[in-house]
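>>> Mind looking at a prediction? Sequence and model below.
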Amino acid sequence: MAFDMTMALFRPALKYAMEKNGHGKTLGLKMTEINRGEINLVFPYKEEVIGNPLTGVIHGGVIVSLLDTACGSAAMTVLTTPAVAPTMDLRLDYMHPAEPNKPIYVEAKVYRQTSNVIFCRGLAWQEDKENPIAHCVANFMKVDSTSINFSAIAVTQLRRLMPWGKSADSAKEEGK
Amino acid sequence: MSQDETGHQLEDWQESVAAARLEKSPQSVMEMIPYADFIGAQVKIENDQLLYWLDKRPTNIGNPSLPALHGGVIGGFLELSAAIEVIYNLDIAAVPKVVDFSLDYLRAGRYKTVYAKCNVLRQGKKLINVTASAWQDDENTPIATARCHFLI
């Protein structure tokens, strides 16, 4: 495979954005592979995300987050022009409950894209990929980023960095 | 875990749910599920209906530059709400098992409180169909809608 300069630059940026920020960081997911149109990630078992206290099985919402992150990131890797790819919809089938105390592996692939839509498939499994815990399809819109007001975003971001900024309370929360 | 132990736990679970219903406190059911605390989901009774909400917190952010809520958190919140709706409102013995979940994102989730309401459309002997809708400013302009099937 030829050296892909864009991917070489994009890979660490995406990894940082997904692993070190917000909900990705809270979940503790790790992106293990980032290629054009394909993402792999792993999630270690956590007691905090249990959905069924009787069995210790994690909540389905975690699987939604993992697959949404993986599919969304896979969609981002196929964008060639400055654009963003918000999720249109996501459909998840749970084949069987995730076993407690075992990591969950997730793979997402872009299987088709048109001028407006990116179609993704995702799979989550534990020990055997042939016996997945969940499968999903997710579609993303291609939205041209020329229509996005980047200066407004920059201002918001700057404000968040300033201690006297509007969201000083959220900075406090982050610190605790 | 032994069969006996699981049976015991199930009895405890059923007792706790029954107590929560008696006290009209769906929040007690919510607190039995660790994932609810992980994302910060809460619930109360409003006009005889369960109203779920999720206060803003930095750990639920998806896109840090906007900042926007994580799509997965909105999905997880709706799936959790649908499960609580089933556990609290319907008389079923065990924890319902989710079979499939479908989610439509209608608008970006901004960094502020999200509300949700659920609706049980059908309760069969084996299958329950629940819809959930999430909004921020106005109930009539939802940011996401979901549909969930539970097996009992």
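Received the coordinates, thanks.

>>> rest of the way, CA atoms for contacts and neighbours
OK.

>>> which stretches of chain B form helices?
With DSSP state H as the criterion, chain B has helices at B:3-22, B:26-30, B:34-39, B:71-89.

>>> Quickly compare these and say which is most buried.
helix B:71-89 (a mean of 25; mean count of other C-alpha atoms under 10 Å in any protein chain shown).

>>> Tell me the gap between that helix and the middle of its chain.
Computed by C-alpha atoms, centre = their mean, to the nearest Å, the chain-centroid distance of helix B:71-89 equals 2 Å.

>>> which other helices and strands contact that helix?
helix A:60-77, helix B:3-22, helix B:26-30, helix B:34-39, strand B:49-54, strand B:114-123, strand B:127-135, strand B:144-151 (3 or more C-alpha pairs under 8 Å, 6 or more residues apart in numbering or on different chains; DSSP states H and E).

>>> Would you single out the least confident of the ones you listed?
Among the helices and strands packed on helix B:71-89, helix B:3-22 has the lowest mean pLDDT, at a mean of 83.

>>> ok, back up a step: closest to A:V137 out of the helices and strands packed on helix B:71-89?
Taking C-alpha to C-alpha, helix A:60-77 is the member of those nearest to A:V137, at 8.4 Å.

>>> so who does the closest residue to A:H96 other than its chain neighbours touch?
Once flanking residues are discounted, A:H96 sits nearest to A:I133: 5.0 Å by C-alpha to C-alpha, 6 or more residues apart in numbering or on different chains. Applying C-alpha atoms under 8 Å, 6 or more residues apart in numbering or on different chains, we find A:I133 in contact with A:94-98, A:123-126.

>>> Could you pull up phi and psi at A:I133?
phi -90, psi -30 (degrees, to the nearest 10).

>>> circling back: just the buried residues of the contacts of A:I133.
Buried residues within the contacts of A:I133, counting neighbours by 16 or more other C-alpha atoms under 10 Å in any protein chain shown: A:94-95, A:97-98, A:123-126.

>>> Could you tell me which ones among these also sit near chain B?
A:94-95 (C-alpha under 8 Å from any C-alpha of the partner chain).

>>> of the buried ones among the contacts of A:I133, closest to A:S145?
Proximity of the buried ones among the contacts of A:I133 to A:S145 was ranked by C-alpha to C-alpha; the top entry is A:L123 with 29.1 Å.

>>> bridging residues for that closest one?
A:E107, A:H135 (DSSP bridges).

>>> List the contacts of it.
For A:L123, counting by C-alpha under 8 Å, 6+ apart, the contacting residues are A:67, A:106-108, A:132-136.

>>> Tell me which two of those residues sit farthest apart.
The widest separation within the contacts of A:L123 (C-alpha to C-alpha) is 14.1 Å, between A:A108 and A:I133.

>>> In this model A:V42 seems to touch A:K30, though I could be wrong.
Yes: with contact defined as C-alpha atoms under 8 Å, A:K30 reaches A:V42; the gap is 5.3 Å.

>>> quick one: buried residues of stretch A:11-19?
Buried residues in stretch A:11-19 (16+ other C-alpha under 10 Å): A:11, A:14-15, A:17-19.

>>> Could you export it as PDB, CA atoms only?
Extracted C-alpha coordinates of stretch A:11-19, given in PDB (Å, rounded to 0.1, in the frame of the first residue of the first chain):
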ATOM      1  CA  ARG A  11      -4.400   9.200  12.400                       C
ATOM      2  CA  PRO A  12      -2.900  10.800  15.600                       C
ATOM      3  CA  ALA A  13      -5.400  13.700  15.400                       C
ATOM      4  CA  LEU A  14      -8.400  11.300  15.400                       C
ATOM      5  CA  LYS A  15      -6.800   9.100  18.000                       C
ATOM      6  CA  TYR A  16      -6.300  12.100  20.300                       C
ATOM      7  CA  ALA A  17      -9.800  13.500  19.600                       C
ATOM      8  CA  MET A  18     -11.500  10.200  20.400                       C
ATOM      9  CA  GLU A  19      -9.300   8.800  23.300                       C
END
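
>>> can you list contacts of that stretch?
Stretch A:11-19 has contacts (C-alpha under 8 Å, 6+ apart) with A:24-25, A:28-31, A:34-35, A:69, A:73, B:64.
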